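Q: Let me see the structure of the following:
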Amino acid sequence: DWFAPPPWSIVRYTRTFFHPDFLIPSAAFLLAMMAAGKIVDPALGFICYQLYVVEENLPFPSQIIAAETCTTLAEREESKVRVLMIVTLISSIYALLTYFIPFVTDFSVQILPIPWVDLNTSIEAALPGASFGFGTDLIIFAIGLILPFPTVIGMFIGSFGTYFIGNYILVKLGMFQDWRPGMSITLAYQRSVLSTWAFTQIGLAIAAAAIPMVIHFKVIARAFKGLTRLSEATKKAGVLPLKIVLPLFLIGSTIIFVLCAWLTDFPLILLAFLVYGWSFLASLIAARALGVSGFYITVPYVTETTIITSGYKDIDIWFAPLVIYGGGAYWSGWFKIADLTHTTKMSYVKGHLLIFSIAWLFSLIYMQLFWSIAPIPSVMYPATGIQWPVTVITRSLWITGKVGFGSAQQLILGSFALGTIIEITCSVTHIPFHLMSVVVGTLTPVPSVLICLFGGITAKVLIKKYGMNWWSTNLSLIAAGVFLGESMILT
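A: Residues are numbered from 1 along each chain as shown. Here you go, the predicted model:
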């Protein structure tokens, strides 16, 4: 009764959240979400900001685009506004044809497939298991425009090597038993990750985040020292010191730990690892990926793998409010935008909390209205009929132990060792290559990485034609216009 109202509850028929049967489930998950999202994540955001924005000075390409949009619209410099508006118009027309027309015609008219052109069936006779296609999302193309080209290449290597070459090899070796002829990119991606790649992604991601910290331990020391002794300029910028940030992280994490320990009998040592250890590392991994590639990533199935390998048999832990997703990365990105727009961090935090409170209240009202109109899922809300069963089936595979995790430990350790070798080699030889870009690629389907690569190649062509000075001046504006145009149509 702490996860959902009981089966006999009247709310199944009255379809209302405003009933006592929803009180305990809502309180439990709201407490965990608030502890994670509004205490733990901002605290980790300040740490990630100090590490990756201040000390490592990573580019954070997506944040540059957002900041450029805000600055251009606020300052209204004529030449910049003209470029932004032209690109926005082009992007809007593309999004109108790609997204709006299919939506209003109930997808009876579709000019381009969304989000990609799926070519799996065209190549499966020659390359069974391999995934291939071309993305149609201009926003990912825009990210490719501004990413350093070695980062784009690293992402391509990770994705193509995993889902094109890797899946083909798995099928040939009989290790991708779920593969069937006619399988789409989406399904092949999901099933191959569940059966094999999730574990290699865990090992590679840990190596990509942890090994640079070991190699460049002085950077880590400077980051924490910087949070311990804030300069006057840093204080004015709204950065919180470590003596506040660390207790916030511990308090928020302890709320989640105590709540889950109270609701379940899951081993406390493993629960502490997930709540305190993995939440910290997940934010570091996601923030580094965001800083390097502009993509926010979540390393999949770490919690699920920990639960399965623990030998814990009760199912209560699978439904506990164990909220861990690396949200500190989002906050570090927002703090980067604050820097670029000359906004103090605490001003952003206060504004975020205010808007969140209003948005949460209205989202509850809207959800109540939607649910009162028709059951969810139902034909009135077709997306829930498509996505929710997939989520439930995936979750059920883990709960029932039907996910192939027999070689999980070897895959995690092996990929961690490989990632360590790559990271150390690149550091010693000064090769301008981030292992994290490969990790992002392994978490991204081939079509998305291909359109990102096309963006990187387009940037190279434009630089050659118009020169680096023109490109440096207009780069962020072009990318921002693409973002703005597509977002206008989608919203």
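
Q: so residue 470 is in which element?
A: helix 468-490 (DSSP states H and E).

Q: Enumerate residues external to that helix that contact any of its residues.
A: Helix 468-490 is contacted from outside by 61, 64-69, 72, 80, 83-96, 99-100, 137-139, 141-143, 145-146, 459, 462-463, using Cβ atoms under 8 Å, 6 or more residues apart in numbering. No exception for glycine: its C-beta is placed from N, CA and C like everyone else's.

Q: same thing but at 6 Å, please
A: 64-65, 68-69, 80, 83-84, 87-88, 91-92, 95-96, 99-100, 138-139, 142, 145-146, 462-463 (Cβ atoms under 6 Å, 6 or more residues apart in numbering).

Q: mind saving the C-alpha coords of that helix as CSV?
A: The C-alpha trace of helix 468-490 is given here as CSV (Å, rounded to 0.1, in the frame of the first residue of the first chain):
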residue,chain,number,x,y,z
MET,A,468,37.3,30.3,-38.9
ASN,A,469,36.5,34.0,-37.9
TRP,A,470,33.1,33.8,-39.6
TRP,A,471,32.4,30.4,-38.1
SER,A,472,33.5,31.5,-34.6
THR,A,473,31.1,34.5,-34.8
ASN,A,474,28.1,32.6,-36.1
LEU,A,475,28.5,29.1,-34.8
SER,A,476,26.5,29.4,-31.6
LEU,A,477,23.8,31.5,-33.4
ILE,A,478,23.3,28.9,-36.1
ALA,A,479,23.0,26.1,-33.5
ALA,A,480,20.7,28.2,-31.3
GLY,A,481,18.5,29.0,-34.3
VAL,A,482,18.1,25.3,-35.0
PHE,A,483,17.2,24.6,-31.4
LEU,A,484,14.7,27.5,-31.3
GLY,A,485,13.0,26.8,-34.6
GLU,A,486,12.3,23.1,-33.9
SER,A,487,11.4,23.8,-30.2
MET,A,488,8.8,26.4,-31.3
ILE,A,489,7.0,23.8,-33.5
LEU,A,490,7.2,21.0,-31.0
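
Q: Next, the buried residues of it.
A: The neighbour-count check on helix 468-490 (16 or more other Cβ atoms under 10 Å) flags 471, 474-486, 489 as buried.

Q: now that helix: mean pLDDT?
A: Summarised as a single mean, pLDDT over helix 468-490 is 87.

Q: Quick check: PyMOL command selecting the buried ones in the contacts of helix 468-490.
A: Here the buried members of these are turned into a PyMOL selection, burial being counted by 16+ other Cβ under 10 Å:
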select buried, resi 64+65+68+69+80+83+84+87+88+91+92+95+99+138+139+142+145+146+462
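
Q: Among the contacts of helix 468-490, which are located in helices?
A: The helices, defined by DSSP state H, take in 64-65, 68-69, 80, 83-84, 87-88, 91-92, 95, 138-139, 142, 145-146, 462-463 from the contacts of helix 468-490.

Q: who touches residue 333 in this structure?
A: 63, 290.

Q: who's in contact with residue 41?
A: 327, 328, 331.

Q: between the buried residues of helix 468-490, which is nearest residue 261?
A: Nearest to residue 261, judged by Cβ to Cβ, of the buried residues of helix 468-490 is residue 483 at 42.8 Å.

Q: Please, which helix or strand holds residue 117?
A: strand 116-118.

Q: Parallel or antiparallel, which strands does that strand pair with?
A: Paired strands of strand 116-118, with direction, are strand 133-135 (antiparallel) (DSSP bridges).

Q: who's in contact with the strand it pairs with?
A: Against strand 133-135 from outside (Cβ under 6 Å, 6+ apart): 116, 117, 118, 119, 185, 447, 448, 450, 451.

Q: now stretch 297-312
A: Here stretch 297-312 has contacts from 198, 201-202, 205, 266, 270, 274, 278, 285-286, 289, 317, 325, 398, 405, 408, 440, 443, using Cβ under 6 Å, 6+ apart.

Q: Got the phi and psi for residue 295?
A: phi -100, psi 130 (degrees, to the nearest 10).

Q: Next, count neighbours for it.
A: Applying other Cβ atoms under 10 Å, we find 23 residues neighbouring residue 295.

Q: hmm, back to that, take the contacts of strand 133-135 and lay them out in CSV including neighbour count and distance to residue 384.
A: Listed next are the contacts of strand 133-135 as CSV, based on neighbours: other Cβ atoms under 10 Å; distance: Cβ to Cβ, whole Å:
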residue, neighbour count, distance to residue 384
116, 22, 22
117, 16, 26
118, 19, 23
119, 16, 29
185, 21, 22
447, 26, 25
448, 25, 24
450, 23, 30
451, 22, 28
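
Q: show me what contacts residue 252?
A: With Cβ under 6 Å, 6+ apart, residue 252 has these contacts: 35, 39, 40.

Q: By neighbours, which of those residues wins?
A: Neighbour-wise, those (other Cβ under 10 Å) top out at residue 40, 29 neighbours.

Q: ok, back up a step: the strand holding residue 117 - what's its average pLDDT?
A: 93.

Q: Report the buried residues of the helix or strand that it is followed by.
A: Beyond strand 116-118 in the direction of the C-terminus, DSSP H and E gives the next helix or strand as helix 120-123. Residues of helix 120-123 classed as buried: 120, 123 (neighbour count, 16+ other Cβ under 10 Å).

Q: One more: stretch 67-87?
A: 67, 68, 69, 71, 72, 80, 83, 84, 87.

Q: what about that stretch, how long is it end to end?
A: 17 Å (Cα to Cα, to the nearest Å).

Q: ditto for stretch 192-201
A: 12 Å.

Q: mean confidence for it?
A: Stretch 192-201 shows an average pLDDT of 86 in the prediction.

Q: Check stretch 369-382 too.
A: Here the average pLDDT along stretch 369-382 is 81.

Q: Export it to CSV, keeping only CA atoms.
A: Extracted in CSV, the C-alpha atoms of stretch 369-382 (Å, rounded to 0.1, in the frame of the first residue of the first chain):
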residue,chain,number,x,y,z
LEU,A,369,-8.0,16.7,-15.6
PHE,A,370,-6.5,14.2,-18.1
TRP,A,371,-7.3,11.2,-16.0
SER,A,372,-10.9,12.4,-15.3
ILE,A,373,-11.5,12.7,-19.1
ALA,A,374,-10.4,9.2,-19.9
PRO,A,375,-8.6,6.2,-18.4
ILE,A,376,-4.8,6.2,-18.7
PRO,A,377,-3.7,4.3,-20.8
SER,A,378,-6.5,4.4,-23.3
VAL,A,379,-7.1,5.3,-27.0
MET,A,380,-7.4,8.9,-25.8
TYR,A,381,-3.7,8.8,-24.8
PRO,A,382,-2.1,6.5,-27.4
